[in-house]
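In: could you work out the structure for the sequence below:
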Amino acid sequence: MKENFLKIKDHDELAAFFGLSYSNLAAILYKTSESYKYQVFLISKKSGGHRIIKSPRRKLKDIQNKLSDVLYEIYPGKPSAHGFVKKKSILTNSKKHLNKSYVFNIDLSDYFGSIHFGRVRNLFKAYPFNFNHSVSTILAQICCFANCLPQGAPTSPIISNMVAWKLDGKLQHLAKITNSTYTRYADDITFSFTCSSRRLPEEIVILRDGVASPGHALSRAIEENGFEINYEKVRLAGEFQRMEVTGITVNEFPNVSRKYIKQISSILHAWRKYGYEAAEKDFNHKYDKCHIASNRPKSLKYVIKGKLSFLRSIRGGRDQIFIKYAKQYNALVGDDALKFKLIEETEPETNAINALWVIQTCYDDSAGNLKIAQGTGFLLEDFELVTCAHVVSEDGEAFENIKAFKCFNFAKEYDVKVKHLDIHRDIAICSITSAVDQSIPNAVIQLSDREILPGLEARLLGFPAYKDGQSHYIVDTKIASIFTRHTFRKFEIDAAIREGNSGGPIIDTYGKLLGVALEGAEKSSGNNAALYFSELKNIKDDLNKKSSKPNDINPVSDTSSLVHHGELEGMSLIYGEVETE
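Out: From the prediction side, this is the model:
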């Protein structure tokens, strides 16, 4: 279809491409009243005001759909463009800005309206189309209404991205030279930074007295490409504020706002308590001012299904909050076709989850300030408690105050003592102790005997960004690659390892251990890396050799500070060249 479209030389060939004679095409474009070509209606914006939607009637819409399909074949899209791009979404857009120090958002004013008839015609005159004036004019007539791109036409999204191609290129270059990250979702432009406020690039954002405004280079690039900034929608947010990108919070991981989840909970509660009809009436009166074109109230069951589907797309089908409300919805809705198919935990997964522990450490930083950090650990058969070394130590010294507890009983804490610390593999083997009257849960995970290959299905478990009472985290993933770093075998998974998930197990479909989650791609490692389970066997072998030769101590490289502080009494530090038993 792409080749046939680009070969078009005149208006007859263009009409034939759409399966019409030119006289029929001309009748649709030029002899039909504007009021009959489009249905115009208003929908409310969340921020206030109204958005004008211009939806084409059937005959014109069929032509636009075919044109849209061929334009998507031709236009590859810039890496920074995420709106109206296949296999991209607001989620892929937001993920580019995770774990940054600052996020800077701006909106373009009247995005579709600023792309007028002349700009569209010139687009078709230029490469790769190179159509003549007549064909370009007809194509612009197909795409435009009231002299600009109509919001609601199938062709408008792809045309807008093609017109913004040059803008994306300019802003991508601006991001590159300022060590920042740039994405665009339609009229939403986002830059993010890893620097401090003093080092924010003034080419992009100027911060004066706590007020942020677009930098001169950014403003100039937008204006030179025929767009304008909506200065009422300029926002700079730091890591201690809620950083949002296209409605998704990106402080630690992609998430929806608490208000969004609270609304789902409130609607389900009203449905359960007062009945469907009363809840639907209350929703349309209280929450929803954005009715469909027919001006009829929205159906509550479809609203809830849509909200839950969005929640699942952001947090995943394994997310416990999604599962909680999806189960409530399934119990209330009568139509089986509208119910969610939930992913149930298998018995091997449940057994592995029972072996999980939340690990919490308290320590003084270099400035003497009390710090509280959290990670994940698990009981491994023949190993005791396994976690990451960086969860329970710093600079080769184990923390003194380490606690472990189960997520469902966070008030019942157990003391943790580091027994073996392998700082190069980033693994710590610990023991859990308790008072006499406390029994220690002893569910364990076994080592897998499967060969790890790219594409192997796996499950990542743990407690990222844990809060008291929060449930475990489980996500379906796959092995992306296997590699060796510093002589140790590791592998990468295609799911994000978030802060707090360090030390969590990665299991196979039989619930057995494939590896230990280390640091995510946003950290210095550059990928979502895990330690290969065979390295744990190597640690075990090394410890057995050392215990059989108590006097055969490796030479000390630089341990004076460790010995001086007495932190290693009763603890072995392997591959850090120190052993004191």
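
In: pLDDT weak spots in the protein?
Out: Where the chain drops to pLDDT under 70, the residues are 46-48, 287-296, 366, 436-437, 521-526, 548-581.

In: surely residue 516 touches residue 429?
Out: No: taking contacts as Cβ atoms under 8 Å, residue 516 lies outside contact range of residue 429: 11.0 Å. In this view, the C-beta of every residue, glycine as well, is placed from N, C-alpha and C.

In: which residues do those two both contact?
Out: Here residue 516 and residue 429 have residue 386 as joint contacts, going by Cβ atoms under 8 Å, 6 or more residues apart in numbering.

In: which of these two has more neighbours?
Out: Neighbours were counted for residue 516 and for residue 429 using other Cβ atoms under 10 Å; residue 516 has more, 28 against 23.

In: how about the more buried one, nearest residue that isn't a chain neighbour?
Out: Nearest residue to residue 516 in three dimensions, chain neighbours excluded: residue 531, at 4.7 Å (Cβ to Cβ, 6 or more residues apart in numbering).

In: immediately after the helix or strand harbouring residue 160, which helix or strand?
Out: Using DSSP states H and E, residue 160 sits within helix 156-163. Sequence order places helix 165-177 as the next helix or strand after helix 156-163, per DSSP H and E.

In: if we can go back for a sec, quick check: buried residues in the helix holding residue 160?
Out: 156, 157, 158, 159, 160, 161, 162, 163 (16 or more other Cβ atoms under 10 Å).

In: do stretch 132-145 as well
Out: 135, 136, 137, 138, 139, 140, 141, 142, 143, 144, 145.

In: quick one: residues contacting the second one.
Out: So the one you mean is residue 136. Counted by Cβ under 8 Å, 6+ apart, residue 136 has contacts 121, 122, 124, 125, 129.

In: try it again with 7 Å
Out: Residues in contact with residue 136, defined by Cβ atoms under 7 Å, 6 or more residues apart in numbering, are 121, 124, 125.

In: any idea how far residue 71 is from the residue nearest to it when sequence neighbours are not counted?
Out: Closest residue in space to residue 136, ignoring its immediate chain neighbours: residue 124 at 3.9 Å, by Cβ to Cβ, 6+ apart. The gap separating residue 124 from residue 71 is 10 Å, by Cβ to Cβ, to the nearest Å.

In: same question for residue 244.
Out: Residue 244 sits 31 Å away from residue 71, going by Cβ to Cβ.

In: which one's more surrounded, those two?
Out: Comparing residue 244 with residue 71 by other Cβ under 10 Å, the one with more neighbours is residue 71, at 22 against 19.

In: okay, now the nearest residue to residue 114 once chain neighbours are set aside: neighbour count?
Out: Nearest in space to residue 114, with sequence neighbours left out and distances taken as Cβ to Cβ, 6+ apart, is residue 227 at 5.7 Å. A count of nearby residues for residue 227, using other Cβ under 10 Å, gives 20.

In: for residue 227, what are its contacts?
Out: 108, 114, 167.

In: tell me which element it is part of?
Out: With DSSP H and E as the test, residue 227 turns up in no helix or strand.

In: what's around the residue nearest to residue 136, how many residues?
Out: 20.

In: that one touches residue 139, doesn't it?
Out: Yes: look at residue 124 against residue 139 with Cβ atoms under 7 Å: they come within range, at 4.9 Å.

In: list the residues that contact both of the two?
Out: residue 131.

In: where along the stretch 51-200 of the chain do the strands fall?
Out: 102-108, 181-185, 188-193 (DSSP state E, counting those that start in this stretch).

In: out of the ones you listed, which is closest to residue 249?
Out: Closest to residue 249 of the strands of the stretch 51-200 of the chain is strand 102-108 (Cβ to Cβ; 9.9 Å).

In: quick one: that closest one to strand 181-185, angle?
Out: With axes from the mean of the first three to the mean of the last three Cα atoms, to 10 degrees applied, the angle from strand 102-108 to strand 181-185 works out at 30 degrees.

In: strand 102-108 - contacts with which helices or strands?
Out: Applying 3 or more Cβ pairs under 7 Å, 6 or more residues apart in numbering; DSSP states H and E, one finds that strand 102-108 contacts strand 188-193, strand 229-238.

In: now with 10 Å?
Out: strand 181-185, strand 188-193, strand 205-208, strand 211-214, helix 216-224, strand 229-238, strand 244-245 (3 or more Cβ pairs under 10 Å, 6 or more residues apart in numbering; DSSP states H and E).

In: direction included, what does that strand pair up with?
Out: Strand pairing for strand 102-108, using DSSP bridges, gives strand 188-193 (antiparallel), strand 229-238 (antiparallel).

In: between these, which one is closest to residue 493.
Out: strand 188-193 (23.8 Å).

In: could you export that closest one as PDB, CA atoms only?
Out: C-alpha atoms of strand 188-193 as PDB (Å, rounded to 0.1, in the frame of the first residue of the first chain):
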ATOM      1  CA  ASP A 188       2.700  17.400  26.400                       C
ATOM      2  CA  ILE A 189       6.400  18.100  26.400                       C
ATOM      3  CA  THR A 190       8.600  16.700  29.200                       C
ATOM      4  CA  PHE A 191      12.200  17.200  30.100                       C
ATOM      5  CA  SER A 192      13.800  15.500  33.100                       C
ATOM      6  CA  PHE A 193      17.100  15.900  34.900                       C
END
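
In: about what we covered before: of the strands paired with strand 102-108, which stretch is the most buried?
Out: strand 188-193 (a mean of 24; mean count of other Cβ atoms under 10 Å).

In: ok now it, how far from the chain's centre?
Out: The chain centroid and the centroid of strand 188-193 are separated by 15 Å under Cα atoms, centre = their mean, to the nearest Å.

In: what's the angle from that strand to helix 165-177?
Out: 10 degrees.

In: could you double-check that residue 264 lies in contact with residue 315?
Out: No: in this structure, residue 264 is not within contact of residue 315 by Cβ atoms under 10 Å, at 12.0 Å.

In: now the common contact residues for those two.
Out: Contact criterion Cβ atoms under 10 Å, 6 or more residues apart in numbering; residues shared by residue 264 and residue 315: 256, 321, 322.

In: which of the residues you listed lies closest to residue 405?
Out: Closest to residue 405, out of all of the shared contacts of residue 264 and residue 315 and judged by Cβ to Cβ, is residue 321, at 21.1 Å.

In: next, that closest one: secondary structure please.
Out: For residue 321, the assignment made with DSSP: H, G, I helix; E, B strand; the rest coil gives helix.

In: doesn't residue 467 make contact with it?
Out: No: if you go by Cβ under 10 Å, residue 321 and residue 467 don't touch, sitting 12.0 Å apart.

In: just want to know which of the two has more residues nearby.
Out: residue 321 (17 against 10).

In: check contacts around that one.
Out: 255, 256, 261, 264, 265, 311, 312, 315, 470, 471.

In: residue 328 versus that one, what's the distance?
Out: Distance from residue 321 to residue 328, by Cβ to Cβ: 11 Å.

In: so what sits against both of those two?
Out: 264, 265.

In: what about residue 509, how many residues close to it?
Out: Count around residue 509 with other Cβ under 10 Å applied: 15.

In: ok, it - contacts?
Out: Contact analysis of residue 509 by Cβ under 10 Å, 6+ apart lists 346, 348, 349, 448, 450, 456, 457, 458, 459, 476.
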